[in-house]
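K.L.:
Quick check, what structure comes out for this input:
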Amino acid sequence: MTQKPSLPGLGSVRPRAVSVDTEITVRRGHLPGLEELPLLIEPERPGVDLATWVRRDRATLDRELADTGGILFRGFNVEGPEAFQKAVEALGGEALEYKERSSPRSEVSGRVYTSTDYPPDQPIFLHNENSYAHRWPSRIFFYCEVEPGEGGATPIADVRRVYRRIPEAIRSTFEERGILYRRNFSDLVGLSWRTVFQSDSREEVERYATAAGYQIEWLDGDRLRTERRAPAVLRHPQTGELIWFNHGTFFHLSTLPETVREGLQALFPLEDLPNHTYYGDGGEIEAATMDALREAYRAETVSFPWRRGDVLMLDNMLVAHGREPFQGPRRILTAMTEPIAAAELPEAPQ
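P.N.:
You can find the predicted model right below:
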């Protein structure tokens, strides 16, 4: 993948030693071939506890995250899920429970989860975590506990760049019409409504969904259908920049691998698919438009091989993430912090 033109203010970032105290210094730079995203921070000596160091330089890290969208901490002493959670809390506050789920995950420790339990031979397209929901995490973290045997990178893309790369006519259409998410929950395929909403009570789910702006419909066979209309473009709460922040591409049937797509089409009519997206007024999104959206993501995607102990912090509103297929061992954990909702954001195009 080729390097993209630099964002204003980022081109001058160069490796340098930064003194935190008389005992700890770190280097700031970038991975080979990746001059912007992610920012790479490494300690000058081994054995530095990430959570301890972060607390001494948190304000600087917050500014750097808003600039770059992602920071890779490499070479710090992060041994296991508990140490990862401590680092997460130092970097972003209390970890969040994974609600309004869209992918299967297993809880590992506290509110640390496996990154996804999808089959390893399937790619996962880029997305901003929970951008289909009424609230989402501002920050998402990944931790490499076991390096992938082959493949298994976590590709990332700056959605400020994705927004600018999408043809203006397509952007304008989505800014005017928005996006409609239709989801069907059952025990047959995908996640059940109990798993998604973390509740066994229909009444509790109805209260939550209504407050979150969903239209819901209970169907036969203990199935639940939800619909939610949302904007496709938002403004970032710190920088004010326009961002392509939605699950429109990720949830669309045409984005799935061919074998998965054909299997679902054999099982369900369009309205009963586990996930699918439309324009906000219910109109079908054209095939050529979906192709253009996927190409915009791909053109802005960068990736790097994981190393054991890596911690990747992303501004979830600035940077989308995915997963490459892999073979052999791989264990990447995740945690999320700092929830935010669209109502709390600056006004974006409508």
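K.L.:
Report the contact partners of Asp272.
P.N.:
Asp272 makes contacts with Asn184, as judged by CB atoms under 8 Å, 6 or more residues apart in numbering. To be clear about C-beta, it is placed using only N, CA and C from the backbone, and glycine gets the same treatment.
K.L.:
do you know how far the closest residue to Gln327 other than its chain neighbours is from Thr334?
P.N.:
Nearest non-adjacent residue to Gln327, counting by CB to CB, 6 or more residues apart in numbering: Glu150, 4.4 Å away. Counting by CB to CB, to the nearest Å, the separation of Glu150 from Thr334 is 21 Å.
K.L.:
Grab the nearest non-local neighbour of Gly149.
P.N.:
Counting by CB to CB, 6+ apart, the residue nearest Gly149 is Gly328, at 1.9 Å.
K.L.:
What of Asn316?
P.N.:
Closest to Asn316 by CB to CB, 6+ apart is Ile140, at 4.6 Å.
K.L.:
is the one you found in a bridge, and if so with what?
P.N.:
Counting by DSSP bridges, Ile140 forms beta bridges with Leu314, Met336.
K.L.:
That one contacts Ser131, doesn't it?
P.N.:
No - at 11.2 Å, Ile140 does not count as touching Ser131 under the criterion of CB atoms under 8 Å.
K.L.:
Glu150 and Thr334: who's more crowded?
P.N.:
Thr334 (25 against 12; other CB atoms under 10 Å).
K.L.:
Backbone dihedrals for Tyr143, please?
P.N.:
phi -130, psi 130 (degrees, to the nearest 10).
K.L.:
State the pLDDT value of it.
P.N.:
Looking at Tyr143, its pLDDT is 97.
K.L.:
which phi and psi does the residue nearest to Gly149 have?
P.N.:
The phi/psi pair for Gly328 (degrees, to the nearest 10) reads phi 80, psi -160.
K.L.:
How much space separates it from Glu145?
P.N.:
14 Å.
K.L.:
First-to-last residue distance for stretch 250-268?
P.N.:
One end of stretch 250-268 sits 19 Å from the other (CA to CA, to the nearest Å).
K.L.:
Buried residues of it, list them for me.
P.N.:
If you call a residue buried by 16 or more other CB atoms under 10 Å, then stretch 250-268 has these buried ones: Phe250, Phe251, His252, Leu253, Thr255, Leu256, Leu264, Phe268.
K.L.:
try stretch 170-179
P.N.:
For stretch 170-179, the neighbour count (16+ other CB under 10 Å) marks Ile170, Arg171, Thr173, Phe174, Arg177, Gly178, Ile179 as buried.
K.L.:
With only the CA atoms kept, save it in CSV.
P.N.:
Taking C-alpha atoms only, stretch 170-179 is exported to CSV below (Å, rounded to 0.1, in the frame of the first residue of the first chain):
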residue,chain,number,x,y,z
ILE,A,170,-21.7,10.5,-3.2
ARG,A,171,-20.8,12.4,0.0
SER,A,172,-23.5,14.9,-0.7
THR,A,173,-26.1,12.2,-1.2
PHE,A,174,-25.3,10.6,2.1
GLU,A,175,-25.1,13.9,3.9
GLU,A,176,-28.7,14.6,2.6
ARG,A,177,-30.2,11.2,3.0
GLY,A,178,-28.2,9.6,5.8
ILE,A,179,-28.1,5.8,6.5
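K.L.:
could you give me the average pLDDT of that stretch?
P.N.:
For stretch 170-179, the mean confidence score works out to 98.
K.L.:
This completes my enquiry, with thanks.
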